[in-house]
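Q: Provide a 3D model corresponding to the input given below.
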Amino acid sequence: AMASADAGPFTGDSVVRINLWSAPRCASTSLMYSFAQRTDTKVSDEPLYGHYLTNIDPTAFRPYREEVLAAQNCDGDAVVRELMLGPCEKKVLFMKNMAKFYSKLNEPFLAATKNIILIRHPLQVLASWSSTLGVENTKIEDVGLREQLELIEAIEAGGGKAIVVSNEDLVQRPEGTLRAVCRQVGIEFEARMLKWKRGGIPEDGLWARYWYHVTHASTGFDAGLRSPASNHPSSLPAEVVAEAGKGEEEYRALLGRRLRPEAVLPDPRNAHILVHVNGKLVPREEAKVSVFDSSVQGGGVEGGGVLELDAHVARLLASAHALMFHDIPDPDAIKGALWETLRGNGMRDGVHVRLTLTRGEKVTSGMSPSNNQSGPCLIVLAEWKPLLDSSGLPVSPDTPIRLITSAIRRNTPACLDSKIHHNNLLNNILAKIQANLAGVDDALMLDLNGFVAETNATNFFLVKGGVLVTAHPDACLPGITRGVVVELALEAGIKVEERNVSLTEVYCADEAFTTGTMGALIPVSEVDGRR
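A: Reported below is the predicted structural model:
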């Protein structure tokens, strides 16, 4: 018999009871550890394991089987009554379960609990499963996809809502996912949920020594929890790949229901900033442009004194002129909008300002600028933001970055002149994707002749024999911070060379660094594995 969800709440208390129904080999233990960091929460690790081994799959191979049967109450209905619906001294009760433990429970309880369904692609689940229990003990039934769909059906039949969480979201965007989960279950998110001490928790099940090695070595939802390259189909036994394929349709059905992570602002003060849009200061949530607007031109300034403001405004206006914008605002109007925005937000330092001038609203969709008849739209976006790298991480002279050389080439003037500072940065974004996948900070981009241009986000300098070397500003942006560095170097008596730079010169440099408005100067410690 399946447990029904049509009954009302069974408890008269205000405890928030959360059942996690997970596929195996997910970040379910990490999620349990996350909730265990809350002072208002009690956690329980797979209390229905004994029920599963006794009533659902008595022949299931587990090296710790007899220990579980001896340690746990194997009457699943009793576990529901005494734990899931029983007294709890804490405000929140979090119970981690495998989805396949759900069947053959006669006690109705789902209506009295919040129910999270944690899913992961069956190929990743079975790859991990087979590495511990062997290929011969690996079946698609071990993933619990059917049980997860049955749980959703039962929950919704009782008027409830299943909270489907993707394992990938939880690992890659933990804060946004946890915030969304907490909102769904009706509790406040706490930052302490993101970190825990290495080595496990007292509530770990006795099977932890077989399964929890990665989680015990972690201190949060970090990269160690992600699927390794060895889980690619080409490196797995054919039997495992074939089994995983049997669950693809069910997995896709679950994935279509997944809870979307909430957006997380790097600085919470930015939730209530005012933005200057087309002549008006408006709250962040009202800062919008028409769907007919064409956003093409961007520039940024940084710092309490607004670093090189005149140069940034001049570059923006020159770019707009090159693109044949009409009725371009004059420099004083742009600066006035900027100062108004800073005053309106009470900002003096620790701030990044992005100036965007679009061609304005179109009368109809289409490529021709003749469709833009309302004049340009100026957007001034000022945010509380420290110096950051292109991944949004704080930088300092003590935190050098690592680079790879991208296969994506930087534009030359024959394609699109880098002296037009615009928002069409698709080739830079593709290079950044390569860097992300390679596990480094940024990508070094070459021009069409194979010489160094810049990184995906910044200008690039190297030092060799006391000489400061950087690329011609042809395929690279003639950055404003770049110009300041060259000027200061010459004033200090340092020889500066602007010329073609080969990768070999980069590999053999005495030192290297990048420059940009967002990150200022950032040292480079490694390029393509060369230090």
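
Q: Contacts only, for Pro369.
A: 324, 359 (CB atoms under 8 Å, 6 or more residues apart in numbering). (Each C-beta comes from the backbone N, C-alpha and C, glycine too.)

Q: ok, for Met32, nearest residue in space, not its chain neighbours?
A: Lys96 (4.5 Å; CB to CB, 6 or more residues apart in numbering).

Q: Show me the beta-bridge partners of the one you found.
A: Leu20, Asp45 (DSSP bridges).

Q: what does Phe460 give?
A: Thr514.

Q: Run a quick neighbour tally on it.
A: Phe460: 25 surrounding residues under other CB atoms under 10 Å.

Q: Show the contacting residues for it.
A: 444, 452-454, 470-471, 476, 512-514, 524.

Q: hmm, try it at 10 Å
A: Neighbour list for Phe460: 403, 442, 444-445, 452-454, 469-471, 476, 482, 501, 506, 512-515, 524, 527 [criterion: CB atoms under 10 Å, 6 or more residues apart in numbering].

Q: Could you do Arg192 as well?
A: 34, 36-39.

Q: now it, what's its secondary structure?
A: Judged by DSSP: H, G, I helix; E, B strand; the rest coil, the three-state class of Arg192 is helix.

Q: quick one: His121 and Gly256, what's the gap?
A: Applying CB to CB, to the nearest Å, the value for His121 to Gly256 is 14 Å.

Q: Neighbour count: the two, which is higher?
A: His121 (21 against 8).

Q: From what I see, the more buried one and Ser166 are in contact.
A: Yes. Using CB atoms under 10 Å, His121 is in contact with Ser166, at 9.2 Å.

Q: what do those two both touch?
A: Joint contacts of His121 and Ser166 (CB under 10 Å, 6+ apart) are Leu255.

Q: Buried residues in stretch 350-369, which are they?
A: 351-362, 369 (16 or more other CB atoms under 10 Å).

Q: Which of these sits closest to Arg65?
A: His352 (57.7 Å; CB to CB).

Q: OK, contacts around the closest residue to that closest one other than its chain neighbours?
A: Spatial nearest neighbour of His352, excluding adjacent residues (CB to CB, 6+ apart): Lys385 at 4.1 Å. Lys385 is in contact with 266-267, 269-270, 302, 350-354, 392, 394, 518, counting by CB under 10 Å, 6+ apart.

Q: and the least confident of the residues you listed?
A: Among the contacts of Lys385, Glu302 carries the lowest pLDDT, at 29.

Q: Dump the helix or strand containing Ala311 to CSV, restricted to CA.
A: Taking DSSP states H and E as the definition, Ala311 sits inside helix 309-322. Taking Å, rounded to 0.1, in the frame of the first residue of the first chain, the C-alpha atoms of helix 309-322 are listed here in CSV:
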residue,chain,number,x,y,z
LEU,A,309,35.7,60.2,-15.4
ASP,A,310,36.5,62.5,-18.3
ALA,A,311,38.3,59.7,-20.2
HIS,A,312,35.4,57.3,-19.7
VAL,A,313,32.8,59.8,-20.8
ALA,A,314,35.0,60.8,-23.8
ARG,A,315,35.3,57.1,-24.8
LEU,A,316,31.6,56.6,-24.5
LEU,A,317,30.8,59.6,-26.7
ALA,A,318,33.4,58.7,-29.3
SER,A,319,32.0,55.2,-29.6
ALA,A,320,28.4,56.6,-29.9
HIS,A,321,29.7,59.0,-32.6
ALA,A,322,31.4,56.1,-34.5
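
Q: can you tell me which residues contact the nearest residue to Pro478 once chain neighbours are set aside?
A: Counting by CB to CB, 6+ apart, the nearest residue to Pro478 once its immediate chain neighbours are dropped is Lys419, at 6.2 Å. The contact partners of Lys419, by CB under 10 Å, 6+ apart, come to 315, 318-319, 322, 413, 473-474, 476-478.

Q: Test my guess that Leu462 contacts Val496.
A: No. At 11.6 Å, Leu462 does not count as touching Val496 under the criterion of CB under 10 Å.

Q: who has more neighbours, those two?
A: Between Leu462 and Val496, counted using other CB under 10 Å, Leu462 has the larger neighbour count: 23 against 15.

Q: for Glu250, helix, strand, or coil?
A: Glu250 - assigned by three-state DSSP - is helix.

Q: Neighbours of the closest residue in space to Lys42 that isn't next to it in sequence, how many?
A: In space, Lys42 comes closest to Lys90 once its chain neighbours are excluded; the distance is 4.3 Å by CB to CB, 6+ apart. By other CB under 10 Å, the residues close to Lys90 number 14.

Q: picking that back up, ok, the contacts of Lys385 vs Glu249, which is closest?
A: Closest to Glu249, out of all of these and judged by CB to CB, is Gly392, at 36.8 Å.

Q: Look up the closest residue to the closest one, ignoring the ones flanking it.
A: Pro266 (6.2 Å).

Q: Would you list the phi and psi of the nearest residue to Ala438 once chain neighbours are set aside?
A: Once flanking residues are discounted, Ala438 sits nearest to Ile404: 4.9 Å by CB to CB, 6+ apart. With angles defined as degrees, to the nearest 10, Ile404 sits at phi -120, psi 160.

Q: Check the model's average confidence along stretch 77-91 for me.
A: 95.

Q: gap between the two ends of it?
A: Terminal residues of stretch 77-91 lie 23 Å apart, using CA to CA, to the nearest Å.

Q: That one: which residues count as buried?
A: So, applying 16+ other CB under 10 Å, buried residues of stretch 77-91: 77, 79-80, 83-85, 88.

Q: With pLDDT as added columns, please give the contacts of Arg192 in JSON lines.
A: Formatted as JSON lines, the contacts of Arg192 follow (pLDDT from 0 to 100):
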{"residue": "Ser34", "pLDDT": "97"}
{"residue": "Ala36", "pLDDT": "98"}
{"residue": "Gln37", "pLDDT": "98"}
{"residue": "Arg38", "pLDDT": "97"}
{"residue": "Thr39", "pLDDT": "97"}
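
Q: Among those residues, find me the one that's closest to Arg62.
A: Using CB to CB, these come closest to Arg62 at Ala36, 23.9 Å.

Q: Spatially nearest residue to that closest one (excluding sequence neighbours)?
A: Val43 (4.6 Å).

Q: For burial, what's the neighbour tally of the one you found?
A: Applying other CB under 10 Å, I find that Val43 has 24 neighbouring residues.

Q: Let me see the contact set for it.
A: 18, 20, 31-37, 90, 92-96, 201-204.

Q: next one: Tyr251
A: Tyr251 neighbours (CB under 10 Å, 6+ apart): 23, 119-123, 125, 143, 145, 148-149, 244.

Q: Specify the beta-bridge partners of the nearest residue to Asn270 once chain neighbours are set aside.
A: Counting by CB to CB, 6+ apart, Asn270 lies nearest to Glu383, which is 4.8 Å off, once chain neighbours are set aside. Beta bridges link Glu383 to His352 when assigned by DSSP bridges.

Q: so where's the stretch 1-150 of the chain shaky on pLDDT?
A: Counting by pLDDT under 70, the stretch 1-150 of the chain has low-confidence residues at 1-12.

Q: mind listing the strands in it by residue range?
A: 16-22, 41-45, 92-98, 114-119 (DSSP state E, counting those that start in this stretch).

Q: Ok, which of the ones you listed comes nearest Lys104?
A: Of all the strands of the stretch 1-150 of the chain, strand 92-98 comes closest under CB to CB, at 13.5 Å.

Q: Just name whatever secondary elements the closest one is in contact with.
A: In terms of contacts (3 or more CB pairs under 10 Å, 6 or more residues apart in numbering; DSSP states H and E), strand 92-98 is packed against strand 16-22, helix 28-36, strand 41-45, helix 49-51, strand 114-119, helix 145-157, helix 174-185.
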